[in-house]
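I need the structure of the sequence given here:
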Amino acid sequence: MSKTGHFLIVNDAYSDMIGYSPSEMSNFTYIDITHKDDLQKDVEQANSVASGEIKNYNMEKRYICKDGSVVWVHLYVNGIFDDNNKFLYHVVHAMRIGKFKQQTNIVSLATDAAEIGIWEWDEATDQLTWNDQMYSIYGVEKDKELVYEDWISKVLEEDREEAEKEITSSMDNGHKFNTKFRIKIGDKIKYIKANADKSGSTPNKKMVGCNIDITDMAEVQELLKQSNEDLEKFAYLASHDLKAPLRSIQKYTELINKRYGEKLDDNGRYLMETVISNTKEMQTMIESMLQLCRLSTETIMNPVNLNDVWEDVLDHFCIDKNKERINIKCDMNTKVMGSREQLRHVFQNLLSNSIKYRKKRGDLNIEVKSEEKEDFILVSFEDNGIGIEKKRIKNLFMPYVKNVKVNINQSRKGNGLGLYICSKIMNNHKGNICVSSELDKGSTFHLTFNKV
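Residues are numbered from 1 along each chain as shown. Now for the predicted structure:
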C-alpha cells in the first residue's frame with residue numbers, strides 16, 4: 001500500500017474478504033473502504049509510519065465490503081524503508097475476527113450489564129489490566145496504568161493477608177482463586193466477591209479473573225443476621241424467664257391436688273389433671289425452645305463414636321427391655337465429626353418417638369446401624385412402629401407440627417419441635433435427615449454425616 005493509501009498489490013485472500021477484485025481495488029484507497037468510526041485512528045497511525053515516527057502499528061477496525069456488509073479485522077501494518085531511510089510502502093496484514101469480535105462484544109455487554117469487573121495480572125511485569133467495571137468498582141480513574149500494589153492497597157487491612165495468601169496459593173499450585181474481601185474507597189467499605197484462575201506458566205505466569213460488588217447483598221445479610229441474633233436472644237430470654245412462673249404453677253397445682261384432691265368430684269379431678277398435664281407439656285416445649293436457641297451458636301466439632309453416643313442415650317432412658325418388650329440392635333462402630341451433646345439429642349428424640357408411636361400389641365423392634373459410603377456415612381434408624389402416612393411426611397420436619405395424626409386411626413401428642421430440632425442439628429453437621437415409612441409396618445430415619 002502506497003503512502004497515499006492506494007493498493008499496490010493485493011493477494012486473493014484479502015480480495016475475497018473485501019469482495020473487490022485486485023483490479024477494482026487499484027482504483028481506490030484503503031480510506032474508501034474503512035468504516036468512518038475507525039478512519040481517524042487508522043489514518044493517523046498510517047501517516048506516523050510513513051513519516052518514520054513509528055515502525056508499525058496494529059488495531060482492530062472495520063472494512064466496508066463491496067456488498068455493503070461490514071467485516072471486523074485485526075490489522076497489522078509495517079513500514080518498509082530503503083537504505084537511506086526513505087519510506088517506500090506499507091505492508092498490511094488483515095486477519096478476519098468477525099465472529100470472535102461479535103462474541104467479545106456480547107461478553108462485554110453482559111459483563112457491563114451485570115457490573116462484573118474483569119482483570120488480568122501479569123506476574124512477570126506486575127502489570128494489571130482492568131475493564132471499565134473494575135475501574136468503577138475500585139473508584140480509580142479510567143485508563144490509568146496499574147500494578148499489583150494499586151489493587152492490594154485498596155483491600156481492607158484485616159482482609160489483606162488472606163487475599164494475598166489465596167493469590168499466592170493459586171499461582172503456585174494452580175487451583176482456582178475464590179474468595180471474598182472488603183475494599184475501602186474513601187470512607188465507604190465495599191464487599192467484593194473474587195474469582196480467578198491462573199493462565200500461562202513460569203516465567204509468564206498470569207492470572208485472569210473477575211470481581212463482583214456484593215455490598216448491597218452483604219449489608220442485607222448482615223442486617224438479617226443481626227435481626228436473627230436479636231430474635232434468638234429474645235426467644236432464649238423469654239423461654240428462660242417463663243420457666244420460673246411455670247415451676248410455681250406446677251408446684252402449687254400438685255400441692256392443691258395432693259391436699260384437696262380427695263375432696264374434688266370427678267370433673268374437678270379431670271380439670272386438675274388437665275392443668276398438670278398441660279403444665280408439663282409447656283415445660284417440655286420451653287426446654288425445646290431453649291435447645292433450639294442454643295443450636296444457633298457455633299458448634300464445635302470433634303470426632304465422635306456413634307456407638308458411645310447411643311450407649312449414653314440408653315443409659316438416659318433406663319429401659320427395661322424385657323418388661324417393656326423392646327428389642328434393640330445397634331451396629332454403629334463409626335466415627336463422625338460432630339457434637340456429642342447434639343447427636344445425643346437426635347438419637348434420644350428418635351428413640352422416644354419409636355416408643356411413643358409403637359403398636360399397641362407386640363414387641364417394639366429397633367435396629368440402628370451405620371454404613372460407610374464413598375463420600376459420607378449413612379446411619380439408619382429403623383423400627384416396626386405404626387408408621388406415617390406419605391402425605392404427612394413432607395411436614396414431619398417443620399416446626400410446631402404437633403398432634404399430627406400419624407395414621408388414620410391413631411394420633412399422638414408431641415411438642416411440635418422434636419424432629420425440627422433434629423433437622424437443625426443435622427444441618428449444623430453439614431448432613432441431612434429424612435424418613436421412609438409405611439403404615440402399620442414402621443419407619444426408617446436416614447441420617448448422613450461427613451467422614452472424619
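
what number of residues lie near M301?
A count of neighbours around M301, defined by other Cβ atoms under 10 Å, yields 16. For the C-beta atoms, the positions are set from N, CA and C on the backbone; glycine is no exception.

Next, the closest residue to it other than its chain neighbours: secondary structure please.
With sequence-adjacent residues excluded and distances taken as Cβ to Cβ, 6 or more residues apart in numbering, M301 is closest to M337, at 4.7 Å. M337 falls in the strand class when you classify it by DSSP: H, G, I helix; E, B strand; the rest coil.

Beta-bridge partners for M337, please?
Using DSSP bridges, the beta-bridge partners of M337 come out as P303.

repeat for Y89
Bridge pairing for Y89 - DSSP bridges - gives I80.

I'd say it and L8 touch.
Yes: at 6.1 Å, Y89 counts as touching L8 under the criterion of Cβ atoms under 8 Å.

Tell me which of the two has more neighbours.
Legend: neighbour count by other Cβ under 10 Å for Y89 and L8, higher for Y89 (16 against 12).

who touches the more buried one in this structure?
1-3, 8, 80 (Cβ atoms under 8 Å, 6 or more residues apart in numbering).

Can you turn the buried subset of those into a selection I can paste into PyMOL?
The following PyMOL line selects those of the contacts of Y89 that are buried, judged by 16 or more other Cβ atoms under 10 Å:
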select buried, resi 1
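
Just give me the closest of the contacts of Y89 to H316.
Nearest to H316 among the contacts of Y89, counting by Cβ to Cβ, is M1 at 92.6 Å.

Can you dump the C-alpha atoms of stretch 183-199 in PDB for me?
What follows is stretch 183-199, C-alpha atoms only, in PDB (Å, rounded to 0.1, in the frame of the first residue of the first chain):
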ATOM      1  CA  ILE A 183     -12.100  -2.700  50.000                       C
ATOM      2  CA  LYS A 184     -12.100   0.900  51.200                       C
ATOM      3  CA  ILE A 185     -13.000   3.600  48.800                       C
ATOM      4  CA  GLY A 186     -12.800   6.900  50.600                       C
ATOM      5  CA  ASP A 187     -15.000   6.500  53.700                       C
ATOM      6  CA  LYS A 188     -17.000   3.700  52.100                       C
ATOM      7  CA  ILE A 189     -16.500   0.000  52.600                       C
ATOM      8  CA  LYS A 190     -17.400  -2.300  49.700                       C
ATOM      9  CA  TYR A 191     -17.700  -6.100  49.800                       C
ATOM     10  CA  ILE A 192     -16.100  -7.900  46.900                       C
ATOM     11  CA  LYS A 193     -16.500 -11.500  45.600                       C
ATOM     12  CA  ALA A 194     -13.500 -12.500  43.600                       C
ATOM     13  CA  ASN A 195     -12.900 -15.500  41.300                       C
ATOM     14  CA  ALA A 196      -9.800 -16.100  39.200                       C
ATOM     15  CA  ASP A 197      -7.700 -18.800  37.500                       C
ATOM     16  CA  LYS A 198      -4.000 -19.000  36.500                       C
ATOM     17  CA  SER A 199      -3.100 -18.800  32.900                       C
END
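
quick one: average confidence on that stretch?
Average pLDDT, stretch 183-199: 88.

Would you mind listing the outside residues contacting it?
Outside stretch 183-199, the residues touching it (Cβ under 8 Å, 6+ apart) are 119, 137-139, 154-156, 163, 167, 170-171, 174, 176-182, 205-215, 217-219.

Tell me the spacing between V91 and L8.
10 Å (Cβ to Cβ, to the nearest Å).

Now the common contact residues for these two.
The contact lists of V91 and L8 share M1, where a contact means Cβ under 8 Å, 6+ apart.

So, low pLDDT: which residues of the stretch 201-350 of the chain?
Applying pLDDT under 70 to the stretch 201-350 of the chain picks out residues 201-204, 228, 232, 235-236, 238-240, 288-289, 292-294, 296-299, 321.

Can you list the residue ranges for helices in it?
Using DSSP state H, counting those that start in this stretch, the helices of the stretch 201-350 of the chain run over 215-260, 266-295, 306-317, 321-324, 340-356.

Most tightly packed of those helices?
Among the helices of the stretch 201-350 of the chain, ranked by average contacts under mean count of other Cβ atoms under 10 Å, first place goes to helix 340-356 (a mean of 20).

following it, which helix or strand shows up next?
If you walk from helix 340-356 toward the C-terminus, the next helix or strand you reach (DSSP states H and E) is strand 364-372.

Which is the succeeding secondary structure element to that next one?
Next along from strand 364-372, by DSSP H and E: strand 377-383.

Buried residues, that next one. List them.
Those would be 377, 379, 381-383, for strand 377-383 by 16+ other Cβ under 10 Å.

Identify the farthest-apart pair in the residues you listed.
I377 and D383, at 20.4 Å, using Cβ to Cβ across the buried residues of strand 377-383.

how is this protein carved up into domains?
12-101, 115-213, 220-295, 302-449 (automatic domain parsing).

picking up where we left off before, so what sits against both of Y89 and L8?
1-2.

which residues touch L364?
Taking Cβ under 8 Å, 6+ apart, we find L364 in contact with 324-327, 354-355, 358, 383-385.

Okay, and the beta partners of it?
Beta-bridge partners, per DSSP bridges, of L364: I326.

For it, give me the pLDDT.
In this prediction L364 is given a pLDDT of 93.

Next: G385.
G385 is assigned 93 on the pLDDT scale.

And W151, by the same measure?
pLDDT recorded at W151 is 92.

so it sits right up against L128, yeah?
Yes: at 6.2 Å, W151 counts as touching L128 under the criterion of Cβ under 8 Å.
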